[in-house]
Structure formats: C-alpha cells, structure tokens
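> fold the following and give me the result.
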Amino acid sequence: VPKGGALWKEFERLEADPDSKMEAGFDLSRYDPVAPSGAAAQKPDAWGEALRAAETSLEHNGIRAANAELMGLYGVNAWRAHNIGLEDANEVYRKRLAVEKAKVVGINRKRQHLQLGSAAKLQKLEDRYVTAVHKNRRIEGQCMALEKEIGELQRAKG
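Here you go, the predicted structure:
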C-alpha cells in the first residue's frame, strides 16, 4: 500500500483506534462473539447462538487473512500489469499523435505551396486588370475628345 494514500490513512486510523468497530465504513460488531449473560447464561440455545457467532467471527477473520495474503501475492503484480498496459496505451497514442502532426505539417506545406503558386497568377491577373483599366480610361478620354470635336464641327457647320 503506497504511503500517503487513502488506504494508508485508513490503516493508520484503525491502528490509532483499535477499539473502533467501524472498518472502512462497515459495522463489524455482528462478528464479535458475545457470551450470554444473566438469565440467558442458563439457556443452551443462547450458548448455541454465541457459538455460531464465534464460528462466524472465526470464518470472517480467516477470509480476511486469506484476502490479505492473496492481495500481498497478486495485488502488486496486477497493479504493475495495469500500469504497463496504461504505458503501452500511452505510447500508442503518442505515436498516433506524431502521425497526425506529420499529416498536419504536410497539409500546411501543400497549402502554402498552392498559395505561393497562386500568388504569381494573382499578380498576372492584377497586372492585366490595371492595364485594362488604363486602356479603358485612355479610350474614354479619346471618345470624349472625339465627341468634343464632333460638337465643334456641328456648331461650325450649322
């Protein structure tokens, strides 16, 4: 049992108060053998009941001892096996994470490459647009000059 844990504290509590009838939240007083007293001490049925209580208490304590022995033998190994399983699962998740991060890096590089490739296309299209706007302004200016000249010719004629 690891020191400082909840189970360790419970053991310390029980050692500090050996008269406690409550162990880990269970009332174990029913397992205590009690000899009949007073008028009941003369009745064989009362002694039979006390004997059954003593046998029950003995059996309970025997089972507790067997459980403690089994826990000592196998509990630590089960805990270690569980921890090894958790460590293995953690390693699997780390590898999956590395794979997913590599995928994300690959996707980001493709996206960056596409964007850089698109930058040249966008620049060409922008240059064409600017050229077209300048050409349209020049044509518009020439149209206005021609309209003005036509207006002057019509006034001179007419």
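
> quick one: the helices in this protein?
Applying DSSP state H to the chain gives helices spanning 6-16, 44-70, 76-157.

> and of those helices, who's closest to Ser29?
Of all the helices of the chain, it is helix 44-70 that lies closest to Ser29, at 10.3 Å by Cβ to Cβ. From N, CA and C alone the C-beta is placed, and that goes for glycine too.

> about what we covered before: tabulate the helices of the chain (JSON lines), appending distance to Gly38.
Formatted as JSON lines, the helices of the chain follow (distance: least, Cβ to Cβ, whole Å):
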{"stretch": "helix 6-16", "distance to Gly38": "32"}
{"stretch": "helix 44-70", "distance to Gly38": "10"}
{"stretch": "helix 76-157", "distance to Gly38": "50"}
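
> lowest-confidence stretch among these?
Per-stretch mean pLDDT for the helices of the chain is lowest at helix 6-16 (a mean of 75).

> can I get that helix in CSV? Just the C-alpha atoms.
Extracted C-alpha coordinates of helix 6-16, given in CSV (Å, rounded to 0.1, in the frame of the first residue of the first chain):
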residue,chain,number,x,y,z
ALA,A,6,-6.4,6.9,1.3
LEU,A,7,-5.9,3.2,2.2
TRP,A,8,-2.7,4.0,4.1
LYS,A,9,-4.6,6.7,6.1
GLU,A,10,-7.4,4.3,6.9
PHE,A,11,-4.9,1.7,8.2
GLU,A,12,-3.3,4.4,10.3
ARG,A,13,-6.7,5.4,11.7
LEU,A,14,-7.5,1.8,12.5
GLU,A,15,-4.2,1.3,14.3
ALA,A,16,-4.7,4.5,16.3
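
> about what we covered before: got a markdown table for the helices of the chain, with mean neighbour count too?
As requested, the helices of the chain are arranged in a markdown table below (neighbours: other Cβ atoms under 10 Å):
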| stretch | mean neighbour count |
| --- | --- |
| helix 6-16 | 11 |
| helix 44-70 | 12 |
| helix 76-157 | 10 |
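
> nearest to Ala35 among those would be which one?
Distance to Ala35, taken as Cβ to Cβ, is lowest for helix 44-70 among the helices of the chain, at 5.6 Å.

> hmm, back to that, to Ser37, which of the helices of the chain lies closest?
Closest to Ser37 of the helices of the chain, according to Cβ to Cβ: helix 44-70, at 9.1 Å.

> and that closest one, how far out from the chain's middle?
Here helix 44-70 is found 46 Å from its chain centre; the criterion is Cα atoms, centre = their mean, to the nearest Å.
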